[in-house]
Structure formats: structure tokens, C-alpha cells
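**Student:** just a sequence and a predicted model for now, questions to come.
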Amino acid sequence: MEYPKLTLKDIFLLITPILIGVISWLMWSYELHQVVGARGFAWLREPLTSIYIISFLIVVAFLLPLRVELKMPIGWTLFYLVLLYGASVGTYFLAKQIFYTLYTRGLIAGDNRIITLSIWKLLGTVILLSAIYFIPMRHFHKSTDGMHILTIMIAIISVVPASLICIEQLPLWSTQTAFIDAVKLGYPILWLPIFLGSLSTAAAKEWI
């Protein structure tokens, strides 16, 4: 079977999410560790201004292939940019609160009810965000299978094991290897645009 060769445009679409991931990771790391400080769990309560720029970059990584490959009109691009940006920022703050409750009142305090409730809340948040991200893909790619909502969910959830592998192999200044420590190091921020951007490119080009 002969596979199509990658064009310069394909390479650009595949490299861009990686660059966005690295830039986002550097922004997160600098603000959290040099400006805010990441001692204990106090950093979870601190407002991180870089997240507003990072959320924008993640949305750009996802929408760029749809704009380039599916010729999404500029008006719709701006509309979905605002929609996904709002959903991403809202999800960040919601997930941040859930994780804070999970670790401080659930895992540390040993409250199994809080742990179970937090896990269900996180799952619901991922499902909702995946459905919102699926809207522009379905709008401009009529043949896109509805199962791609599940694919987006998998891409988002895959950030967790990818981040855990990173902190195991490259712990940097962290002495712990739990997911919360991976978040401190910014590994989810690194992987999220890479996974979402690559998925968007693959879906737009019908590789999946």
C-alpha cells in the first residue's frame, strides 16, 4: 500500500502544535516557578495570567488545521476561536478547583467520597469540553464521524499518562512523581496542544 507523501503544508501543521506546546510550557514554567512559586498546594490558589495566553494558543493549535485544510471562513474562525477560548479558560478554572479539592480534601484527608465525586466531575468536564471542541470539526467536515468526540476525549485524557511518563523520566526539580507534580512542571500544558493540534490535522486530512 502506497502512503501519500507529506507536503510542506502537512509538515507545518504537524510541527506547529509542537512549537505551541513548547512555548506554552515555557510560559507556564516561568510564571509558576519564577513569579508565583510552587511550594505545597498554595500555588493552586494563585491566579496565573499566562493561562489566558496559553488557552488561546491551544485553541489556535486546534483550529489552524481546520482553517487551512477545510477552508473555514474567517468569520467562523473568529466565532469558534471565541467559543473554544471561553470553554478552555472556563475548563481550566473548573479543573483547577476540582484538583485542589481532590488533593487537599480527598487524597490528603482520605475522604473517599470527595475522591469519587472529584473523578466524576473531571470526567464530566472532559466530556463537555470534547463536545464543544467537536462542534467546529463537525461543522466544516461533514463526513466526520461523531465518534471523534471520543477521539478528542482520548486526546485530552492522554495528557495524564504522557505527563506522568515525562515526570518519571525528567523530574527536573520535582521530588515527587504524582500528577499534581507533573502539573507543577507544566507537562500537561506541553502535551495538550500537541495532542489536540495533531488530532485536528489528522481529522481534517482524513488520516483517522
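**Tutor:** Great, that's in hand. Worth saying up front: this structure is predicted, and the values here are computed from it rather than measured. Numbering: from 1, shown residues only.
**Student:** residue ranges of the helices in the protein, please?
**Tutor:** Assigned by DSSP state H, the helices in the chain fall at 8-30, 50-69, 74-101, 112-140, 148-157, 159-169, 179-184, 187-204.
**Student:** list the contacts of the second one.
**Tutor:** Residues external to helix 50-69 that are found in contact with it (Cβ atoms under 8 Å, 6 or more residues apart in numbering): 9, 13, 16-17, 20-21, 23-24, 27-28, 30-31, 72, 77, 80-81, 84-85, 88-89, 92, 133, 136-137, 140-141, 189, 192-194, 196-197, 199-201, 203-205. (Each C-beta comes from the backbone N, C-alpha and C, glycine too.)
**Student:** coming back round to it: what's the closest of the helices of the chain to residue 44?
**Tutor:** Closest approach to residue 44 among the helices of the chain (Cβ to Cβ): helix 74-101, 4.5 Å.
**Student:** quick one on the thing from earlier: tabulate the helices of the chain (JSON lines), appending distance to residue 43.
**Tutor:** Below are the helices of the chain laid out as JSON lines (distance: least, Cβ to Cβ, whole Å):
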{"stretch": "helix 8-30", "distance to residue 43": "11"}
{"stretch": "helix 50-69", "distance to residue 43": "12"}
{"stretch": "helix 74-101", "distance to residue 43": "10"}
{"stretch": "helix 112-140", "distance to residue 43": "18"}
{"stretch": "helix 148-157", "distance to residue 43": "22"}
{"stretch": "helix 159-169", "distance to residue 43": "16"}
{"stretch": "helix 179-184", "distance to residue 43": "7"}
{"stretch": "helix 187-204", "distance to residue 43": "14"}
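**Student:** surely residue 174 touches residue 167?
**Tutor:** Yes: with contacts counted by Cβ atoms under 8 Å, residue 174 reaches residue 167, the gap being 6.3 Å.
**Student:** shared neighbours of these two, anything?
**Tutor:** With Cβ under 8 Å, 6+ apart, residue 174 and residue 167 have common neighbours 181, 182, 185.
**Student:** which one of the residues you listed is nearest residue 49?
**Tutor:** Checking these against residue 49 with Cβ to Cβ, the nearest one is residue 185 at 18.9 Å.
**Student:** mind listing what that closest one touches?
**Tutor:** Residues in contact with residue 185 (Cβ under 8 Å, 6+ apart) are 29, 166, 167, 171, 172, 174.
**Student:** distance of it from residue 5?
**Tutor:** 37 Å (Cβ to Cβ, to the nearest Å).
**Student:** so which residues make contact with stretch 163-170?
**Tutor:** Stretch 163-170 is contacted by residues 174, 177, 179, 181, 182, 183, 185, 187, 188, 190, 191 when judged by Cβ under 8 Å, 6+ apart.
**Student:** now the contacts of residue 185 as TSV including distance to residue 104 and pLDDT?
**Tutor:** Conversion of the contacts of residue 185 to TSV gives the following (distance: Cβ to Cβ, whole Å; pLDDT from 0 to 100):
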residue	distance to residue 104	pLDDT
29	23	88
166	24	94
167	20	93
171	23	86
172	24	83
174	19	78
